[in-house]
Structure formats: C-alpha cells, structure tokens
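Peer 1: Below: sequence and its predicted model.
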Amino acid sequence: MKLLKILIIAIFFANVAEAQMGSNTKRIADVYFLNKEYYAAAEYYKKMLQISPDSVGFVVPYGFEQKIKEASPRKDDYEYAVYQLATSLRLYKNFRDAERWYAVSNKFTNPKYAQSEFWYGECLRANLKYEDAIKAFEGFIANYKMNDDFVPKAKLEIASSKYALYEMKYPRLFKIVRLTNNINQAGSNYAPAISNSELYFTSSRPVGGEGKSQILEGSKGQVRVFKKETPYVNTIYAVDIENPTAEKVNIQKINIDLKKMETAATTITPNGDIMFLTAWSNNKDYQKRNIYICKKEGDNWGSPVSMGGEINVNGFNSMQPSVTRDGKYLIFSSDRPGGLGGYDLWFAPLRPDGTVGNAVNMGNKINTAEDEQAAYYLPATQKLLFSSNGRVGLGGFDFYEAIGDFSEWTEPVNLGYPFNSAKDDMYFAALDEKGNEAYISSDRESVCCLEVFHVTREYLSVQGTIIDCATKKPLAGATITAVGTNIPEQVVQTDNNGRYSFQVGSNRDLQIHAMKNNYFAKNITYNYAQLFKADTLLSAELCLEPMVINKPIVLENILYEFDSAELTDSSKIILDTLFQVMIDNPNIEIELSAHTDNIGTEAYNMALSDNRAKSCVDYLMAKGITPDRLTFKGYGFSKPVAPNKLKDGKDNPEGRALNRRTEFKVTKQKSIN
C-alpha cells in the first residue's frame, strides 16, 4: 500500500556523467522496479527516455514512435524503457498513463514484449474503454504464441468486459458515496471495520518525516541505491461512528507496539475485547504478512502476539482476518499450501478466548486459481461477501456474494455495477445485520489508492391491485409472491381493496405470482429494462379467473389432422397457453378431454377422441408437466353441446363444429394456505 512515496536518492554507486541512454540510469530504474518501488522506477525509466519527471501525468511525446523505429544501436534500450515504464505505471495503478505507453510497446516485434497487448487491454478496461479492451484481448489471443495461462486470462477479460458493458447499462440498486472528510487522506485508506461505536480503518498516510536511509540492491548486488525510509506507513486508525460522514471527524491512531511493523486490516470480536490484525515489516525476516491477536487492557489494546500454526505458516502469507458477526469463525486470506492457487479464503472455529481450531479451506465454490481476499460473513442472511480477481467481473477485484453455512456454499454471484467498478473493490463492513448499509474500499475515483466509501441499498416499490375477472370486484386475501435474481422471496396478502405493495432490493428480473383459492393463478414478469426505468413499479389491475372444480373449459381452435390424432402446429400454440396455466398453477390437476360429432361409429369416435386427448397430454408432458397432474379421456359423441342435425333432419355443420372440441377441467386444487 506504499503507492504514494516521496523517494529521495541520497547516494548511488554509479558514474555521474551519464550518456544519453546511460546504463546507470537503467540500472537504478531496474533496482527500484525489482524492489517494487514502482513510482521511483517510472521516474527513472522516463529519464532513460529523456522525458521530464512529472508526478501529475504526461503524454507520449510527438514523433516518439517514429523515433523508436529508426535504426539505432539504442533501439533495444528504447523499447525496454517504454515497456518497463508502462509496466511500472500499471503496477503503480496509473492505468491512464500506462495505457498510452503500452499503445507504443504493442507495436514492438521483439517476442520479449509479446504480453504488451494483454496489459494494454487491461489498462483499457480499467479506464472504462470496454469495447476497445475486447478488441485488444482478441488481438492478443490471435497473435500470442506462448503456451501459458495468458490466453485463458484474456478470454476471462473478454467475458468480464462484455459483462461490464451490460451491467453499466442497467445499474443495480446501490448508492455509493466516497467519504469526503479527512478519513480519505494522502495514501491508501481501506479495510473498514465496525466495533461498537467506532469505525476502524487502515491508512498509509504520512506518520512523520522521512526516516533513516535504506539500501535497495539489484538482483546480483551490482547496483545499490539508497532512499530515505518512507513516511507512508500502514497503520490502524479509529473514528467515532456516530457521524463518520461529517465534514471533519476526530481520527485516533491505534497505538500497537509491534516494533515499527506495519499494521492493517483489523477485525474485532462482537464483545469488543479481542482484535485480530495483519502485520509485516520491510525487514527481510518479517516481510511475510501474518495475523496477530491482541486483547483489550482497560481502554487500550495490549501487545499483539503472532497467532500459531493454525493461522500463520512459516514462509507464507496470512492476512485480512475477519470475525463473523456472531463470533463463531475467523476467516482470513492466505497463500499457504493446500489452496487452489494464489490467495485462498480459509476459516477456523473461534473460541471465546481468541484461540482457534485448525484452518479449513473454503473450497472450490469460493476459491479460484487467482486471488480471493477480504471476506465478511453475515449470519442473519448466511451471506458471505468477498473479493476476487479470478471470476467474470467488471475488472480488478470485484465483490461477490455466496450463501452458505461453512459446510456448503452456493455459486458466488457478482454484485454488479455500481457496487463494483473497473478497478479494485475490496473490504466490506456492514452497519446492520443484513448488510443493507456498509462501508467498502475502492480505488474507483483515485489514480492509485484505495479509499473508503459508504454504501446503501436502495429499493424498488412494487404496487398493484387484484380483481375478479368475472365480477371486476377486488379480491381480498390473494397471495402475492415476488421472486427474482438476487431477490429473496417475499409473500404479501392483498387488503380489503385488493391492493398489495412491497419493496425489492434488486432491479434485475422480477416475477410476481398472484394466487387465491378457487381462482387460476397468474404470473407477471418484468425484465431488466422495465425495472431500470422506474423507482416505483405500478402494476395495472390484474384479474384472476374464477375456478370451478370439474367445470369444463373449451380450448378454442385445437385442431387435428384429418381423421387423425396428430396435433396441428396452430393447436400446439393454444396448448402452450394451457402449459403456462399449469406452470402458474402448480397446485392443480386437470383432465384433458376430446369430443367428436356423430359421423362414424360410436367405437371409432370413442377411440379417436381418446387418442386425441392423449396427444394433448403427451404434448404437455413433453414440455415438462409431470404425469401425476394430467389425465385424459375421450368421450366420442356422447356429450354433445349442440345438435348435430337440425329439427328438420338436415345436417347442422355449425353444431358439429361445436361438438368437435377439446376441453380441460380442473379435477383438484390443493389449498395454498
């Protein structure tokens, strides 16, 4: 999290009189890059390219690409410096300027820079240029010859870019606001955590002037550079949660004695007595992230103690501890052995005294071959929120949500836009037991660094009236069920005026199911576009048809081939309507019947009508209606509804047409109460 560093070179062992493309400048840049000091590395790669340092930003100089194309002994150095500059800027999260320099390195023919177009696509995606990113990734796949994991990653990026285009077209019901007070200061501000009346967070804001000199070495120790110890140190802070969005808040530094180690990503048990945190140091012996525990001693926190082998494994990182809101489990992220790749999420049973059981990997439903980090569990809804960069998303780390109980999980679902952005979105801390209001961290509005945002779930109001189709009178006591993507099932009853109303926390697909005993149920389905356009969804009067058990209902225009039981295509369309009735009314059983006129023998017509009724049942079963809900019967000409002949003995074509019919009747309706 040391992205904004003021790096002062004190001494370097090199020849001061550099040539135009001096090798010492390159070596110094490489040392910074090797030591992950990407800001300083970028400044020296600029020097290699004769570009003036500019911390605000810069553009590719006019004619620069042509300059690289010129035959020159320095061409290789130019290409190397351009690619390394682009990479330094990207790793420093300055995607805007990195995009410009990768656009130059894309044209290099040297195989060393074959991945340039992939990183160019990543920068385009981070800069919200999704259509251009898709083209870049497609070009990369077409041209890349290496047999490694970059092509699968490019395909994932294409899927993510397409997903992002759709998500941004139909934003979800979340309000995301960056805190404008002094919580978001210089450096990174991230990892919010709630405990009693306090909001804890981590910040890498300056904590004094530059310290003693530090030595950075190259890979072979041939070049050494000195820099002043950075004042940007990750430290845990707290603020009174009563009004954390006020213009100015009183921020208190949490004093934890860890011998100048950096601390971050704290979590506190529900009773407020035990804190877990991540700590590390630039000292080679403590560079790995480890989780520490400290306990409350009066109004202060005691000395932290490194957790045992259940959590920390020598030579590997364990970080981002998170205590579930019920205090039963400690979740953390680690690259320890036994994972699926990168950082995985793990959990361990948590005892009241802060000791833990053995850690368990959260499994392949949650973890991917990439990184899963910063988990948060809501026992009231059994929802696990975490961040991942190994799934289809909007870009960088996205928030995902899975439902489970630590023994089994549903497939994680991306929380969509605007909850997620094209950059990194991590660390969730709920203000209520259902997570409808929370704090998150994101660098969506920053060039380089995570900041704290306030999130609230918004709601769509749904209102309507149910009436009787026959009498046009309101139906009281009808059951209205609402379901949809990311919408927990809601059930309400209509009042005496037939009215209903409820709220849903998602504007994805919504289905309203209306049911009442002795009526046929109906469904109303709304798509994304319809739901996106309204903050209140008003359903016009919806009428339900009365249902009378064993009362036949004629299915108009059910036709068969001549002298056959084979259904015509137009008849199948009519039966599709009955199929929908069966879907809307899962509590009914029906009988399908066929009738004929009196032309032909009784036995022939009985067999023909029986086969025709069976054809209707077979069609519905083929579409998925279970056999226990369907019976069929042929009645031949035994139940005419009109005379086949007129009173004078002449043929009655209109009557015969009415007698050649297909009907259905409800034989049973299970109560919905």
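Peer 2: Looks like it arrived, so ask away.

Peer 1: C-alpha from now on. contacts and neighbour counts both.
Peer 2: OK.

Peer 1: buried residues in stretch 305-319?
Peer 2: By neighbour count on 16 or more other CA atoms under 10 Å, the buried set for stretch 305-319 is 306, 307, 311, 312, 313, 317, 318, 319.

Peer 1: Quick one: residues contacting residue 492.
Peer 2: 479, 480, 481, 500, 501, 502 (CA atoms under 8 Å, 6 or more residues apart in numbering).

Peer 1: Quick check, pLDDT for the spatially most central residue of the chain.
Peer 2: Nearest to the mean C-alpha position of the chain, by CA atoms, centre = their mean, lies residue 414 at 1.4 Å. With respect to pLDDT, residue 414 scores 95.

Peer 1: That one contacts residue 395, doesn't it?
Peer 2: No. The criterion here is CA atoms under 8 Å, and residue 414 misses it with residue 395 at 11.3 Å.

Peer 1: domain parsing for the protein?
Peer 2: Domains of the chain are assigned by automatic domain parsing as 9-170, 175-457, 460-544, 553-669.

Peer 1: what's the span of the longest one, first residue to last?
Peer 2: Taking CA to CA, to the nearest Å, the first and last residues of domain 175-457 lie 6 Å apart.

Peer 1: Over to the third one?
Peer 2: Counting by CA to CA, you get 25 Å between the two ends of domain 460-544.

Peer 1: Tell me where the protein has helices.
Peer 2: Taking DSSP state H, the helices of the chain run over residues 23-34, 38-48, 64-69, 75-91, 95-105, 116-126, 130-143, 150-169, 528-532, 569-584, 602-622, 653-659.

Peer 1: low-scoring pLDDT stretches of this structure, where are they?
Peer 2: 1-23, 52-73, 208-231, 244, 284-285, 486, 527-541, 559-562, 672-673 (pLDDT under 70).

Peer 1: ok, back up a step: right, and the helices of the chain - which one's nearest residue 427?
Peer 2: For residue 427, the closest of those is helix 116-126, at 19.3 Å, according to CA to CA.

Peer 1: the inter-axis angle of the closest one versus helix 95-105?
Peer 2: In terms of direction (axes from the mean of the first three to the mean of the last three CA atoms, to 10 degrees), helix 116-126 departs from helix 95-105 by 150 degrees.

Peer 1: and the residue nearest to the centre of the chain, bridged to which residues?
Peer 2: The partner list for residue 414 in beta bridges (DSSP bridges) reads residue 400.

Peer 1: Please tell me how far it sits from residue 380.
Peer 2: 20 Å.

Peer 1: Give the closest residue to residue 596 in space, chain neighbours not counted.
Peer 2: Closest residue to residue 596 apart from its sequence neighbours, by CA to CA, 6 or more residues apart in numbering: residue 660 at 4.3 Å.

Peer 1: repeat for residue 542
Peer 2: Of all residues not flanking residue 542 in the chain, residue 466 sits nearest, at 5.0 Å (CA to CA, 6+ apart).

Peer 1: was I right about that neighbour contacting residue 479?
Peer 2: No. Residue 466 lies out of contact with residue 479 (CA under 8 Å); the separation is 9.8 Å.

Peer 1: Spit out the contact partners of the nearest residue to residue 98 once chain neighbours are set aside.
Peer 2: Closest residue in space to residue 98, ignoring its immediate chain neighbours: residue 86 at 4.6 Å, by CA to CA, 6+ apart. Shown in contact with residue 86 (CA under 8 Å, 6+ apart): 97, 98, 99, 100, 101, 102.

Peer 1: Counting neighbours, what do you get for residue 408?
Peer 2: 12 (other CA atoms under 10 Å).

Peer 1: contacting residues around residue 350?
Peer 2: Contacts for residue 350 (CA under 8 Å, 6+ apart) come out as 327, 328, 329, 330, 356, 357.

Peer 1: these two touch, right, the fourth one and residue 311?
Peer 2: No. In this structure residue 330 lies outside contact range of residue 311 using CA under 8 Å: 9.5 Å.

Peer 1: ok, back up a step: among the contacts of residue 492, which one has the most neighbours?
Peer 2: Top of those by neighbour number is residue 480, holding 23 neighbours under the definition other CA under 10 Å.

Peer 1: Surely that residue touches residue 513?
Peer 2: Yes. Between residue 480 and residue 513 there is a contact under CA under 8 Å: 5.6 Å.

Peer 1: what residues are up against the closest residue to residue 339 other than its chain neighbours?
Peer 2: Leaving aside its chain neighbours, residue 339 sits nearest to residue 361 (6.8 Å; criterion: CA to CA, 6+ apart). Neighbouring residues of residue 361 by CA under 8 Å, 6+ apart: 338, 339, 344, 345, 346, 347.

Peer 1: one more time with 10 Å, if that's ok
Peer 2: 331-334, 338-340, 344-348, 367, 406 (CA atoms under 10 Å, 6 or more residues apart in numbering).

Peer 1: same check, this time on residue 616
Peer 2: 558, 565-567, 571-572, 575, 592-594, 622, 630, 632, 662.

Peer 1: Which one of those residues is nearest to residue 547?
Peer 2: Nearest to residue 547 among these: residue 592, at 15.7 Å, using CA to CA.

Peer 1: Quick check: the gap between the closest one and residue 555.
Peer 2: 10 Å.

Peer 1: of these two, who's got more company?
Peer 2: Ranked by neighbour count (other CA under 10 Å), residue 592 and residue 555 place residue 592 first, with 25 against 16.

Peer 1: could you list every residue that touches the more buried one?
Peer 2: Residues in contact with residue 592, defined by CA under 10 Å, 6+ apart, are 552-555, 610, 612-617, 630-634, 662-666.

Peer 1: what's the burial count for the closest residue to residue 171 other than its chain neighbours?
Peer 2: With CA to CA, 6+ apart as the criterion, residue 171 has its nearest non-adjacent residue at 5.4 Å, and that residue is residue 417. When neighbours are defined as other CA under 10 Å, residue 417 has 23 of them.
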